[in-house]
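J.: Structure for the following, please:
(one chain, ligands or ions: 2)
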Amino acid sequence: MAVIPVDLSGRRYEVHVGRGLLENSATLASRFIRKDRVAVVADENARQLHGERLAQSFAAQDCTIAWYDVAPGEGSKSWAELARLTDWLLEKGTERGDHVFALGGGVVGDLTGFACAILKRGCGFVQLPTTLLAQVDSSVGGKTAINTSAGKNLVGAFHQPALVLADLDTLATLPAREMRAGYAEVLKYGVLGDRVFFDWLTENGTSVLALETAALEHAVATSVSMKARIVAEDERETSGTRALLNLGHTFGHALEAETGFSNRLLHGEGVALGMVLAARYSARRGHMGPDEAEQVAEAVSAVGLPADIGSLKLGCDGKTLVAHMLHDKKMDAGTLPFVLLRSIGAAFLAKDVALNDVAAFLEKEL
Ligand code: NAD
Ligand code: ZN
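T.: Ligands and ions are numbered 1, 2, ... in the order given. Alright, predicted model coming up:
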């Protein structure tokens, strides 16, 4: 098992990565359990598949769980669900010093984290992430949010968890496609900041996806460590360092928007394609060589993630994709910050990227 400390200004929490953590969750989180009844907000699938191990651990400590079920899917990150959850937590008598547990993927983590950020002006919460994406990304760093009609994650708060228990055993039940989508975020850490990790993933990516213990633990722990380091440097995304975590996300977002945020393209698949585009666009601008950009594409396709946007058969032009990046801003706003690469392992924030050039580049890729 690995324990990664996250050090933020004046506060510190731990991310535990390993197998069998849910069985020991009540012990590992004992500092955060004040009552004989604990609220657990759970994704319905995660609860059905892994809730019993959590319940037994709590029962062994004479603590029962009050379950709050969340329907799977992005639709649960809504005002309506937030209202229902906060009402339920208040009805259960949740106090500021209490900790609410979140069992599930990024949807449950983001929703619960936000509810806890505003409940009595802030109560504690513990993340029990059950998807690879949630373990390496959304459960760490304190961004919480819901979606509104204006877009995804537009209403939220920074609210750090008190503890994160990333139990690798939960990943055994994750559909292969979701696992691969989460792997795109793992690869992202190598591409943006760690050439050694990127090379290691090139060798061991299939072992990670096959859930081999040592490889999986190394991949998750290394990813969490890098996220923790970056977040500690720039908790509220003011200096630009945290923005590096958005590598592949601007291009990816355009593709997700064009495919209607549907099952056609999962977020991680969009990120995989977006990283390839960011690498190729970096080569087009002369920041790195084209061969190195193709190494990113190879690492993506080697694990069965999409690397070619032509395969999406979008039937739109480059300008349409750029318009998605801008949300409601005008194309002739001119520029947008992009995370680009000087080499694999060395991302930087480029603030002078001309959008008509991006559109022309995408036109050729489509
Ligand atoms: P998710 O929470 O929707 O889970 C994906 C699917 O997997 C769901 O159908 C869920 O029911 C199922 N599932 C969960 N655990 C399972 C398990 N162990 N076995 C089988 N099925 C399981 O999706 P996600 O990819 O975990 O998270 C995506 C969300 O995370 C998005 O809303 C995104 O905005 C958010 N996010 C937040 C941050 C952040 O910093 N807060 C970062 C990245 C992403
Ligand atoms: Zn992402």
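
J.: and Gly156, that's in a strand?
T.: Yes - using DSSP: H, G, I helix; E, B strand; the rest coil, the secondary structure at Gly156 is a strand.

J.: residue contacts, the closest residue to it other than its chain neighbours?
T.: The shortest distance from Gly156 to any residue other than its chain neighbours is 2.8 Å, reached at Ala145 (Cβ to Cβ, 6 or more residues apart in numbering). Where C-beta positions appear, they are placed from N, C-alpha and C, glycine not excepted. Contact partners of Ala145, counting by Cβ atoms under 8 Å, 6 or more residues apart in numbering, are 77, 110, 114, 152-157.

J.: Check which residues of the helix or strand that contains Leu340 are buried.
T.: Using DSSP states H and E, Leu340 sits in strand 338-343. Of the residues in strand 338-343, 338-341, 343 count as buried by neighbour count, 16 or more other Cβ atoms under 10 Å.

J.: pLDDT on the longest helix seen in the chain, on average?
T.: Once the chain is assigned using DSSP state H, the helix that runs over the most residues is helix 213-233. Rounded to a whole number, the mean pLDDT of helix 213-233 is 97.

J.: Touching that helix from outside, list them.
T.: Taking contacts as Cβ under 8 Å, 6+ apart, the residues outside helix 213-233 that touch it are 1-2, 4-8, 15, 17-19, 132, 135-137, 140-142, 166, 168, 171, 185-186, 189, 193-194, 197, 200-201, 204, 207-208, 239, 241-242, 244-245.

J.: Is that helix in proximity to ligand 1?
T.: No - with Cβ under 6 Å from any ligand atom as the criterion, ligand 1 is not reached by helix 213-233; the gap is at least 8.7 Å.

J.: which regions of the chain lie under the pLDDT threshold?
T.: By pLDDT under 70, the low-scoring segments of the chain are 328-334.

J.: Can you identify each of the strands in it by residue range?
T.: Assignment of strands within the chain using DSSP state E yields the ranges 2-8, 11-18, 37-43, 64-70, 99-104, 124-129, 143-148, 151-158, 163-167, 338-343, 346-350.

J.: Kindly reformat those strands as a markdown table and extend each row with distance to Ala297.
T.: Supplementary listing: the strands of the chain in a markdown table, determined by distance: least, Cβ to Cβ, whole Å:
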| stretch | distance to Ala297 |
| --- | --- |
| strand 2-8 | 30 |
| strand 11-18 | 29 |
| strand 37-43 | 33 |
| strand 64-70 | 36 |
| strand 99-104 | 32 |
| strand 124-129 | 29 |
| strand 143-148 | 29 |
| strand 151-158 | 27 |
| strand 163-167 | 29 |
| strand 338-343 | 13 |
| strand 346-350 | 16 |
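
J.: Mind putting the ones you listed into JSON lines with distance to ligand 1?
T.: Supplementary listing: the strands of the chain in JSON lines, determined by distance: least, Cβ to the nearest ligand atom, whole Å:
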{"stretch": "strand 2-8", "distance to ligand 1": "13"}
{"stretch": "strand 11-18", "distance to ligand 1": "13"}
{"stretch": "strand 37-43", "distance to ligand 1": "5"}
{"stretch": "strand 64-70", "distance to ligand 1": "9"}
{"stretch": "strand 99-104", "distance to ligand 1": "5"}
{"stretch": "strand 124-129", "distance to ligand 1": "7"}
{"stretch": "strand 143-148", "distance to ligand 1": "4"}
{"stretch": "strand 151-158", "distance to ligand 1": "5"}
{"stretch": "strand 163-167", "distance to ligand 1": "9"}
{"stretch": "strand 338-343", "distance to ligand 1": "15"}
{"stretch": "strand 346-350", "distance to ligand 1": "17"}
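
J.: and the gap between the closest residue to ligand 1 within the stretch 201-350 of the chain and Ala232?
T.: Nearest to ligand 1 in the stretch 201-350 of the chain, going by Cβ to the nearest ligand atom, is His267, at a distance of 6.0 Å. Note on His267: its distance to Ala232, by Cβ to Cβ, to the nearest Å, is 24 Å.
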